[in-house]
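**Q** Please find the sequence and the predicted model below.
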Amino acid sequence: MNRKRLVAIFIGLTLPLLGNADEPFTKVLTSQSKNIRTEEWHRDHRNHPLETDDKWSVRKTVLHGGKQEGVEIIEVDNGRLRFSVIPTRGMSIYEVVMGDIRLGWESPVKEIVHPNLINLQSRGGLGWLEGFNEWMVRCGLESAGHPGQDKFINNVGDEASMDLTLHGKIGNIPASEVQVIIENEAPHRIRIRGRVDERMFYGPQLELWTEISTEIGSESLTIADELTNRGGSEQEFQIIYHGNFGPDLLEEGSQLVAPIKSVSPFNEHAAKSIGTHTSYGPPTQGFIEQVYCIRPWADSQGNTRAMIHNAAADRGVSLSYALSELPFLTQWKNSADLKSGYVTGIEPGTGFPYNRRVERHYGRVPKLQPNQSRRFKLEFTILDSESKVTAEKAKIRFIANGRQTTVKSTPEADLSLFN
Amino acid sequence: MNRKRLVAIFIGLTLPLLGNADEPFTKVLTSQSKNIRTEEWHRDHRNHPLETDDKWSVRKTVLHGGKQEGVEIIEVDNGRLRFSVIPTRGMSIYEVVMGDIRLGWESPVKEIVHPNLINLQSRGGLGWLEGFNEWMVRCGLESAGHPGQDKFINNVGDEASMDLTLHGKIGNIPASEVQVIIENEAPHRIRIRGRVDERMFYGPQLELWTEISTEIGSESLTIADELTNRGGSEQEFQIIYHGNFGPDLLEEGSQLVAPIKSVSPFNEHAAKSIGTHTSYGPPTQGFIEQVYCIRPWADSQGNTRAMIHNAAADRGVSLSYALSELPFLTQWKNSADLKSGYVTGIEPGTGFPYNRRVERHYGRVPKLQPNQSRRFKLEFTILDSESKVTAEKAKIRFIANGRQTTVKSTPEADLSLFN
Amino acid sequence: MNRKRLVAIFIGLTLPLLGNADEPFTKVLTSQSKNIRTEEWHRDHRNHPLETDDKWSVRKTVLHGGKQEGVEIIEVDNGRLRFSVIPTRGMSIYEVVMGDIRLGWESPVKEIVHPNLINLQSRGGLGWLEGFNEWMVRCGLESAGHPGQDKFINNVGDEASMDLTLHGKIGNIPASEVQVIIENEAPHRIRIRGRVDERMFYGPQLELWTEISTEIGSESLTIADELTNRGGSEQEFQIIYHGNFGPDLLEEGSQLVAPIKSVSPFNEHAAKSIGTHTSYGPPTQGFIEQVYCIRPWADSQGNTRAMIHNAAADRGVSLSYALSELPFLTQWKNSADLKSGYVTGIEPGTGFPYNRRVERHYGRVPKLQPNQSRRFKLEFTILDSESKVTAEKAKIRFIANGRQTTVKSTPEADLSLFN
């Protein structure tokens, strides 16, 4: 037993607030049910010794000034990789940083905007874009995808019309419960858990328990969410994990590597460039977004992977998840100039980002029965060397296993059916 | 003179902050004009002795976490009955509890949602439903009732179109002035008063002084509001007292008892069940709301009453008010499953909940001249025994006085006129 | 060297926080980038001696209660004239007071409403009116003027439709950076500077640095704003300085005096009264607003002036600015009854207040190239004697220099083109 272990035991004995050294440490930062809000809090390797040399920390703060007044932030540093979670914005993840590699992007939106100031219906249903600057924002839950009109059954049992707003509400709902869990047993995973409720009367009662976790010292981050229908009737839902990557990972020559079973363009504009959709060009003024609808191959366990790497193929990020959970992968290419937002989205989802009316027509709007849950787990790993990028390529090639890619030239959806 | 009275006098002499023992005690909790906001405050039988044995209290707190961050709550306990008022949500009343009887309901909306997060125009004008979970919420004031399009005269003198949103704004406007008044003279009424302003330029200037009061030790609660037109021109208004009752008062076999002069269905769907409209069925998955438009009889003083009681007729709540103030009574039956919201609304109003354009056509949108006021007073009493329920039935029978009920089979309004 | 100068030097030496006596003193009150919010702060002639006898002060507070909960206010008193700036509402100026003269008006909106509670899309795009009560509010920046539909290019490169809301967003965006600057060198100008960002993804990236300043002891106030396009593409913008004047400056017999090159009515209603547009009538119930579109003459340096004075011509306010910066002057006459808002707007702008689609058609929607800036400077002086009003009349007459006014009888814009 080394000295650190002794110190840990000593502290475990003398500071009962640490709990049993083998039990996870849990701190409730926000709780609607317990009426808790925490302005400032931190825990780190100094006030919570663990059997590790990594200088980890978890820090809760509140942002001030302008449109970010009152926004809560949790910053996690596992000693090797750090990331920031935004409870106030639906447990979105603002950025992930490891050394000089950053997952995130430079949006024209410079503040972490409080949902109080967002009107999702603004600008023809594009109000979501007034707060869009996170590395990872979930789209959903009652609806995701583009704005549009859709039908629903209203309180008097009549069919009524509603305006679907871009990417739904979940990214602008403050979390009702937020916890930090630190596992005292190796390998010491730090978990940030938050419950985000999309509930209304005569509407969906969707509960999303989000978890963003990392092991101390690791180069990976795991999102593990559980979505439950708390209503009394079956309920449609949509979820897209809108992960966004800008410079330096994104540059002229960057590549998307994925085991692609088929790919089709989102619209005629994207169709023109589908032959080179996995390659990225430089920042380009006036660039119009290109969106591609990908169905990946999975391995024998049903898992799939994807990677974005830079031009030199010596820096990248990999993503792995179960295809059954998120069958559809959207690639959003927005190679605009740096000020407008030079960014690509790699977005596993339960569907593609057409509006719900279109998605429903094509059978991509799943339902949950009362009390039924679905889980979504995604693991992201930062790759900081040529050898790691090369190894990831091999894993992806292994999944494809020689199976071919079907490239379609016509848009995934025939929007003329919906006029 | 007993010992308590002596103590009261002693304290009255030595603690001048209590004021004259015969003068009411007044505490300003919120004031826009005096720039006051109170985070925490309480007053009770210990720090404010009164000539009573009841363990009464008034407590002001602020809620935290999720969508309720910053919502102000005032909890009043008169020693026998307690209730909670929400200044931040237009002085709505969240619940009333006496022993094991609760006025309120289990909405799918679990938090007391801050108006900052409500967009009334969401979902085709149904955004109000994202915060709807109170026992009593006022609907109005410029408009109440269902969403729809209506005309108004805009700033340039032209007829313009506006989207009426469900049940208007007043339930999502924070009170500008909030006071607690404790009457030092028996029977010691505790009054929670709040001013809610629905004002805009080129629009209504309606001021609502709300008062929710109870006598210490009593089984009753009184709402006494005064609505004033502070504008320079005559002003339409609508107000509906949307009182909502769920389990345990509501169950299979619960009854609405009222001196009904006439009843008509809100729509064709409700028409099918009008024969049994006063009886409630069990929670039923997929139940579509049934709404009935009731005109009550009044007694010789112009007062009317209504009661909801449970299946055993040994628990209930009665309501009494002046029919001239609130001539129309809406019964909203929503016998949905428990998760979706098993609830009935008993809703005295200046009209029925059709949208304002329809209500105006049928002559149910009153007007206020400049500086004119109208008062609305409703008294609710919790009935916790069979004898009290029986006595209330007798009072209601006395009002009807043998006069007959007209049951109409066609909907109250002909909506085909408004297409 | 007098005693005050000695004191100033002494304090300069002993209180280094005052900085070099010749350097301006700077205090950051709000900063999104530095995560600063200041609840209370003040600085005045007592804790910051300057070489002046004027009892000046700058005070920062936060408002509480009702719809103004959390609104930040900065009150500046230069010893002779005082004004209040609202960082939370886009650096609008609530009022200016000198002796018994007040620039401002009595709006039906009685609170300084937090933008969190404003829905600009409410009431057919007139939600802006729910917070409108300032002396000076800027309209813009992506759009200003009346509500209406306009086209824009959306994320997929398609032409889409958006609802323009009355007078745009900038008046309801909290400032992201707020500073107080006090010049230690005579003539001791106090500057309140604030950065208001109107930014979104796939939309405008307009940055407005506002500055409201006054010299200690002076009777003037200067607005000096700089608008910059931080986006990567050229960007349309509109700005109108919506200055509003009510009693006592406005009364029956008040006059607008300006060097008018041409004036046309906004609509047929205003056309009827164009012959007397510079004269004001008494408060009148049911008055419908009259709007006039003015093109002023400028002097040889390109500057123009305007004045509002009372009936006795012994109190007034003058305004001077560069015509090239703000070529169009809107006169808004709203001689309604006192409760509805008896007020006139004198509004220099880059266009008239038709909606953007109309303004674009008539060539009044300017553009900014990436990184391009435009400055807008307006100086207001309060005139508290007949001689000052007379002197201002002479200055305005000097600008007109005998040149004639063209009075048009048909509305400035032909709205029939836009149906």
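**A** Sure thing, it's come through.
**Q** alpha carbons only for contacts and neighbour counts from here, please
**A** Fine.
**Q** In chain A, what residue comes closest to chain C?
**A** Closest residue of chain A to chain C, C-alpha to the nearest C-alpha: residue A:66 (3.7 Å).
**Q** any chance you could map the helices in the stretch 251-400 of chain A?
**A** Assigned by DSSP state H, counting those that start in this stretch, the stretch 251-400 of chain A shows helices spanning A:268-271, A:356-361, A:386-400.
**Q** could those go into a markdown table alongside mean pLDDT?
**A** Below are the helices of the stretch 251-400 of chain A laid out as a markdown table (pLDDT from 0 to 100):
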| stretch | mean pLDDT |
| --- | --- |
| helix A:268-271 | 96 |
| helix A:356-361 | 97 |
| helix A:386-400 | 98 |
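**Q** Tabulate those helices (CSV), appending distance to residue B:51.
**A** As requested, those are exported to CSV (distance: least, C-alpha to C-alpha, whole Å):
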stretch, distance to residue B:51
helix A:268-271, 80
helix A:356-361, 64
helix A:386-400, 80
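**Q** out of those helices, nearest to residue A:228?
**A** Distance to residue A:228, taken as C-alpha to C-alpha, is lowest for helix A:356-361 among the helices of the stretch 251-400 of chain A, at 19.5 Å.
**Q** Tell me how many other residues crowd the residue lying closest to residue A:185 once chain neighbours are set aside.
**A** By the measure of C-alpha to C-alpha, 6 or more residues apart in numbering or on different chains, the closest residue to residue A:185 outside its immediate chain neighbours is residue A:22, 5.5 Å from it. Residue A:22 has 11 neighbours, counted by other C-alpha atoms under 10 Å in any protein chain shown.
**Q** Check residue A:46 too.
**A** The tally of other residues near residue A:46 (other C-alpha under 10 Å) stands at 10.
**Q** quick one: it and chain B, what's the gap?
**A** Plainly put, residue A:46 is 29 Å away from chain B if you go by C-alpha to the nearest C-alpha, to the nearest Å.
**Q** A helix includes that residue, no?
**A** No. Applying DSSP: H, G, I helix; E, B strand; the rest coil, one finds residue A:46 to be coil, outside a helix.
**Q** Could you tell me which residues of the stretch 1-150 of chain A lie near chain B?
**A** Residues of the stretch 1-150 of chain A lying close to chain B by C-alpha under 8 Å from any C-alpha of the partner chain are A:30, A:31, A:32, A:33, A:35, A:36, A:37, A:88, A:115, A:116, A:119, A:121.
**Q** What subset of these is buried?
**A** The neighbour-count test (16 or more other C-alpha atoms under 10 Å in any protein chain shown) marks A:30, A:31, A:32, A:35, A:36, A:37, A:88, A:115, A:116, A:119, A:121 as buried among the residues of the stretch 1-150 of chain A next to chain B.
**Q** My read is that the second one contacts residue A:37, right?
**A** It stands for residue A:31. Yes. With contact defined as C-alpha atoms under 8 Å, residue A:31 reaches residue A:37; the gap is 6.7 Å.
**Q** what's the overlap in contacts for these two?
**A** Common contacts of residue A:31 and residue A:37 (C-alpha atoms under 8 Å, 6 or more residues apart in numbering or on different chains): B:64, B:65.
**Q** May I ask you to confirm that residue A:132 is in contact with residue A:111?
**A** No. Residue A:132 is beyond contact range of residue A:111, at 9.5 Å (criterion: C-alpha under 8 Å).
**Q** So what's the residue count around the residue of the stretch 151-300 of chain A found nearest chain B?
**A** In the stretch 151-300 of chain A, no residue comes nearer to chain B than residue A:176, which is 3.7 Å away by C-alpha to the nearest C-alpha. If you count neighbours by other C-alpha under 10 Å, residue A:176 ends up with 26.
**Q** what residues are up against it?
**A** Residue A:176 makes contact with A:30, A:31, A:32, A:194, A:195, A:196, A:197, B:65, B:66, B:67, according to C-alpha under 8 Å, 6+ apart.
**Q** Let's have those residues in TSV, adding pLDDT and secondary structure.
**A** TSV is the format used below for the contacts of residue A:176 (pLDDT from 0 to 100; DSSP: H, G, I helix; E, B strand; the rest coil):
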residue	pLDDT	secondary structure
A:30	98	strand
A:31	98	strand
A:32	97	coil
A:194	98	strand
A:195	98	strand
A:196	98	strand
A:197	98	strand
B:65	96	coil
B:66	96	helix
B:67	98	helix
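**Q** Ranking by neighbours, what's the top pick from those?
**A** residue B:66 (30 neighbours).
**Q** Just list the residues touching that one, thanks.
**A** Per C-alpha under 8 Å, 6+ apart, neighbours of residue B:66: A:30, A:31, A:32, A:88, A:173, A:174, A:175, A:176, A:177, B:111.
**Q** Just confirm the fifth one contacts residue A:115, I think it does.
**A** Yes. Between residue A:173 and residue A:115 there is a contact under C-alpha under 8 Å: 6.8 Å.
**Q** Pull up the overlap in contacts between these two.
**A** With C-alpha under 8 Å, 6+ apart, residue A:173 and residue A:115 have common neighbours A:88, A:89.
**Q** Need the pLDDT of residue A:161.
**A** pLDDT, the model's per-residue confidence, is 87 for residue A:161.
**Q** excluding its backbone neighbours, what's nearest it?
**A** residue A:151 (4.6 Å).
**Q** Residue nearest the middle of chain A, spatially speaking?
**A** residue A:136 (3.7 Å; C-alpha atoms, centre = their mean).
**Q** what about that residue, distance to chain B?
**A** Distance, residue A:136 to chain B, using C-alpha to the nearest C-alpha: 20 Å.
**Q** Identify the bridge partners of the residue lying closest to that residue once chain neighbours are set aside.
**A** Distance criterion C-alpha to C-alpha, 6+ apart; nearest residue to residue A:136, sequence neighbours excluded, is residue A:243 at 4.3 Å. In this entry, residue A:243 is beta-bridged to residue A:136, residue A:346, by DSSP bridges.
**Q** just residue A:86 next, same as before
**A** When bridges are called by DSSP bridges, residue A:86 pairs up with residue A:92.
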